[in-house]
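Asks: requesting a structural model of the entry that follows:
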Amino acid sequence: MKKRLTKSRDKVIAGVFGGIAEYFDLDKAWVRIIGAAIILFTGVGAGVILYMIAAMVMPEQDDHSDTLDGQYRKK
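Replies: Sure, this is the predicted structure:
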């Protein structure tokens, strides 16, 4: 199955940084810290606007998730 960039179910605000961390297989805490630092230090207005746009554009995860044996199961 092709990997998709989606919002994380493990949300702090909207799931954007968690979704990015899951997509690139990174630690969610570090991605959230770096994302917050970028928002704070590059101008609050632009960073918040970009985050809000990402939150609106990124799809939610499907109700199904892949299991190790390739079968789908309902969460």
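
Asks: for the most centrally placed residue in the chain, what are its contacts?
Replies: Against the mean C-alpha coordinate of the chain, by Cα atoms, centre = their mean, the closest residue is residue 19 at 1.7 Å. Residues near residue 19 by Cβ atoms under 8 Å, 6 or more residues apart in numbering: 5-8, 58. For every residue, glycine as well, the C-beta is placed using N, CA and C.

Asks: please redo it, this time with the cut-off set to 6 Å
Replies: 6-8, 58 (Cβ atoms under 6 Å, 6 or more residues apart in numbering).

Asks: tell me which element it falls in.
Replies: In this structure, residue 19 sits in helix 16-24 according to DSSP states H and E.

Asks: how about that helix: buried residues?
Replies: Neighbour counts over helix 16-24 (16 or more other Cβ atoms under 10 Å) mark 16-22 as buried.

Asks: stretch 22-31: end-to-end distance?
Replies: Separation of the first and last residues of stretch 22-31 by Cα to Cα, to the nearest Å is 10 Å.
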